[in-house]
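1. Sharing a model that was predicted from the sequence below.
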Amino acid sequence: MPSPRPVRALTALLITAIACAGEITLPDPLLAGDGTRIADVRSWTTRRRGELLETFRREVYGRNPVERPDNLSFTITQRQPGAMGGAADLRQVRIAWTGPHGSGGMDLTLFVPTARRADAPCMLLICNRGRRNIDPTRTSRSGFWPAEEIVARGYAAAAFHVGDVDPDKNDGFADGVHAVFDEPTSPRPGDAWATIAAWAWGASRAVDYLVQDRDIDARRIAVVGHSRGGKTSLWCGAQDERVALTVSNCSGSSGAAASRGKSGQDIAAITREFPHWFCGNYAAWGGREWQMPFDQHEVLALCAPRLVYVGSASKDWGADPRAEFRSCVAASPVWDLWRKTGLGATAMPAAGSPLHEGSIGYHLRDGEHDLTPWDWQRFMDFADRHMTGAARPGQR
């Protein structure tokens, strides 16, 4: 029996051949549900954007029962001026909420550079790996969140752990924010919010804090996620218009990768392995990707005209870099409405050759499924180039 990796590689080559033959066509994000073509910004913002948000809430991620709770509170539990050898000021923030069935909260770690002349732009990581990766004491350091490098580039480095918002386990949504805000119903509605939607909700609560911190530039907040965290960052950025730059790294299936023609992990596989990530309706699309009236490039499109960055890895067979790149290309026409360039390319670049010209950034890193300091440096290169002129945030 052949080993899985060669089989996956062969599958990827076959998918590529099909794509090159022009046989993979994704839904037109500028075509409204009734077939009307969206030709201007007003029609997008008042009509098409709402249609797409409704589609993804109903069919993929689920519908939040609450946005910002009225009783949301921020408590700074620790301040440490001169952290990182004097390079940053550390603050630990407890973000707390109360709902109909209890209370909860999350811890936000924030390092603000001391060497700055104005409010700092911020990189917010949605951490889906062990808590040691975002150790505020910096006793444990990880390339997954190279906070020292982020601060050295002039960015505030912020992070929270997804487990504070909702544990990553299939337990019937019995804990985390679901236990606080959900009304007990049986059966659970097919469009009820699931774990990725809950994590995205948590990221927006972190943004709630950041936009009111006087040391943070509220116009220049980036939300960053890897793998399942990358699916989360996309859904957060799609909904929350205060996010100036949405970064999704190796997010693959049901993240940045287009589902049609995708190799590696597909909808049937991901909903079988991780059913709690998505609303109940999503599993019905397993094996029916070609029949879906939507695809993942439209999540990227929901971020327009703001900035999006997709990172891929050459050996990340499950995520399928070509499907991630395909989404970037297919989402690009939406930026035309604002007379902006989306990706600005249709040919996939070689590994190590980032595309940073347009409002959609993309790179292919040589290597495995991971988030590395090299990836972070490319995200910040792109942000240095484009995020300085970010529009003022909307309200949420």
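-> Received it, and whenever you're ready, just let me know what you need.
2. Correct me if wrong: Ala258 contacts Ala331.
-> No: counting by C-beta atoms under 8 Å, Ala258 does not reach Ala331; the two are 9.5 Å apart. For every residue, glycine as well, the C-beta is placed using N, CA and C.
3. Where do the strands of the stretch 251-396 of the chain begin and end?
-> With DSSP state E, counting those that start in this stretch as the criterion, the stretch 251-396 of the chain has strands at 307-313, 360-365.
4. Counting neighbours, show which residues of stretch 263-271 come out buried.
-> For stretch 263-271, a neighbour-count test (16 or more other C-beta atoms under 10 Å) marks Ser263, Gly264, Gln265, Asp266, Ile267, Ile270, Thr271 as buried.
5. Now render the residues you listed as TSV, adding pLDDT.
-> TSV is the format used below for those (pLDDT from 0 to 100):
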residue	pLDDT
Ser263	95
Gly264	96
Gln265	96
Asp266	97
Ile267	98
Ile270	98
Thr271	98
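6. Now for the closest residue to Asp171 other than its chain neighbours: which residues touch it?
-> In space, and not counting its chain neighbours, Asp171 is closest to His276: 7.5 Å by C-beta to C-beta, 6 or more residues apart in numbering. By C-beta atoms under 8 Å, 6 or more residues apart in numbering, the contact list for His276 reads Asp168, Lys169, Asn170, Asp171, Phe173, Ala194, Thr195.
7. Which of those has the largest number of neighbours?
-> Thr195 (27 neighbours; other C-beta atoms under 10 Å).
8. just checking, that one touches Cys279?
-> No: contact criterion C-beta under 8 Å: Thr195 and Cys279 do not qualify, at 10.0 Å.
9. picking that back up, would you mind stating the distance between the residue nearest to Asp171 and Asp34?
-> Distance, His276 to Asp34, by C-beta to C-beta, to the nearest Å: 34 Å.
10. same deal with His297?
-> Distance, His297 to Asp34, using C-beta to C-beta: 20 Å.
11. Can I get the strands of the stretch 251-396 of the chain in CSV including distance to Val60?
-> Listed next are the strands of the stretch 251-396 of the chain as CSV, based on distance: least, C-beta to C-beta, whole Å:
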stretch, distance to Val60
strand 307-313, 18
strand 360-365, 20
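12. would you turn those into a markdown table with distance to Pro121 and mean pLDDT?
-> Output for these, formatted as a markdown table (distance: least, C-beta to C-beta, whole Å; pLDDT from 0 to 100):
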| stretch | distance to Pro121 | mean pLDDT |
| --- | --- | --- |
| strand 307-313 | 12 | 98 |
| strand 360-365 | 15 | 98 |
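13. Among these, single out whichever gets nearest to Pro349.
-> Of all the strands of the stretch 251-396 of the chain, strand 360-365 sits nearest to Pro349, with 6.0 Å by C-beta to C-beta.
14. what does the closest one rub up against?
-> So strand 360-365 is in contact with 300, 307-314, 321, 324-325, 328, 331-332, 335, 342-345, 348-355, 372, 374-375, 378-379, 382, 386, going by C-beta under 8 Å, 6+ apart.
15. got the angle between that strand and strand 307-313?
-> 10 degrees (axes from the mean of the first three to the mean of the last three C-alpha atoms, to 10 degrees).
16. Show me how far strand 360-365 is from its chain's centre.
-> Relative to its chain's centre, strand 360-365 lies at 14 Å (C-alpha atoms, centre = their mean, to the nearest Å).
17. same check, this time on stretch 255-275
-> Taking C-alpha atoms, centre = their mean, the mean C-alpha location of stretch 255-275 is offset from the chain mean by 16 Å.
18. can you list contacts of the helix or strand containing Ala157?
-> Per DSSP states H and E: Ala157 is located in strand 156-161. The contact list for strand 156-161 (C-beta under 8 Å, 6+ apart) reads 88, 95, 106-113, 120-127, 131, 134, 145, 147, 150-151, 202-203, 206, 210, 215-216.
19. Return the subset of those lying in strands.
-> 88, 95, 106-113, 120-127, 216 (DSSP state E).
20. Sticking with Gly237, tell me its helix or strand.
-> Using DSSP H and E, Gly237 falls in helix 228-239.
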